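> Any chance you can model this:
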Amino acid sequence: MKPVILYVLIGSCFWLGIFSTFAKCTLANGNEHPHTWGKLYLVHHWPVTVCKMNENECKDPVMYWTIHGFWPDKTDDCNRTWHFNISELQDLMEDMREYWPDVLHPNHTYFWKHEWEKHGTCAATLEALNSQKKYFSKTLELYKKLNLNNYLLKVGIKPGSTYYQMEDIRKALLSVYSVIPKIQCLPPEEGQLQILGQIKFCLTKEFTLRNCTDSKDNFYYEDDFFHTEDLSNCNDTLTYYPLHVHTQSYTSANGTKI
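Numbers count the residues shown, from 1 in each chain. Coordinates of the predicted model:
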């Protein structure tokens, strides 16, 4: 064998070994391909709170929990060439407008486009979510199955002038779903209470509910479409579940105004 060819082969083997070692270390440390993800968040937001956070843009909000998104963790904009095509959602349009509206604007298309291009293209690594129709259809299916609006009412948690201890809301959700979701609030202004804003359910890749309490959740990047990056995990304190955007009054359990 010629010396030059031998040196090339030796060099190739050397760099191949270095690369393989690096790849193994990377995988061992959990730093896989940047588009790798481990679980999904089905995010519900309370339109009244979203409106309160965006008063200059807000119209009359609907009075039920709507979908903010269905988000894999640790990813965004996985395939910038896979553009949104609303024609794929024609069969879903009635449910999309009702359960997944843009709560700030009458035209919902830009919101759906944002959710698909930022989150859907990442979720599409699952066969069950590997098209726009599958992604939005599965989200709607899970939203209806969780039935958050009805279950909150059944356990006595409803919007209005009565405030709640956050622990009571957590216990109520745990009693229904047997898992602990992430509950986010708008932090209190001076002399006011924190305001209930979002509830995130964690799901496995098999769409099974799981607890949202592990430390890896800290790596998740918040979606900023509605400026909900201002929301944070609710404190264990009194919480307002608002019925109206512009008022914030509270009544204790014994009828005393605070």
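> Any stretches of the chain with poor pLDDT?
Along the chain, the model assigns pLDDT under 70 to residues 1-35, 214-224, 247-258.
> Okay, strands next: where are they in it?
Under the criterion DSSP state E, the chain contains strands at 40-45, 66-72, 164-165, 182-186, 194-203, 209-210, 232-233, 238-240.
> Dump those into TSV; add distance to T139 and mean neighbour count as well.
Placement of C-beta: from N, CA and C, glycine included. Shown next, in TSV, are the strands of the chain (distance: least, CB to CB, whole Å; neighbours: other CB atoms under 10 Å):
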stretch	distance to T139	mean neighbour count
strand 40-45	7	24
strand 66-72	4	24
strand 164-165	28	16
strand 182-186	17	21
strand 194-203	11	23
strand 209-210	15	17
strand 232-233	23	12
strand 238-240	27	21
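> Just tell me which of those ends up closest to H119.
strand 66-72 (4.6 Å; CB to CB).
> so what's N235 up against?
166, 185, 194 (CB atoms under 8 Å, 6 or more residues apart in numbering).
> Mind doing that once more with 10 Å?
Residues in contact with N235 (CB atoms under 10 Å, 6 or more residues apart in numbering) are 166, 185, 187-188, 194.
> Please report how far it lies from Q184.
N235 is 11 Å from Q184, where distance means CB to CB, to the nearest Å.
> so what sits against both of the two?
Q194.
> I'd like the strands of the chain written out as CSV, with distance to K158 added.
Shown next, in CSV, are these (distance: least, CB to CB, whole Å):
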stretch, distance to K158
strand 40-45, 15
strand 66-72, 16
strand 164-165, 10
strand 182-186, 16
strand 194-203, 11
strand 209-210, 23
strand 232-233, 22
strand 238-240, 12
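> Indicate which one of these is closest to G120.
strand 66-72 (7.7 Å).
> Could you export that closest one as CSV, CA atoms only?
Extracted in CSV, the C-alpha atoms of strand 66-72 (Å, rounded to 0.1, in the frame of the first residue of the first chain):
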residue,chain,number,x,y,z
THR,A,66,-59.0,27.7,24.9
ILE,A,67,-55.9,26.1,23.4
HIS,A,68,-52.7,28.0,23.4
GLY,A,69,-50.7,25.2,21.8
PHE,A,70,-49.3,21.7,21.8
TRP,A,71,-45.6,22.1,22.4
PRO,A,72,-42.7,19.6,22.4
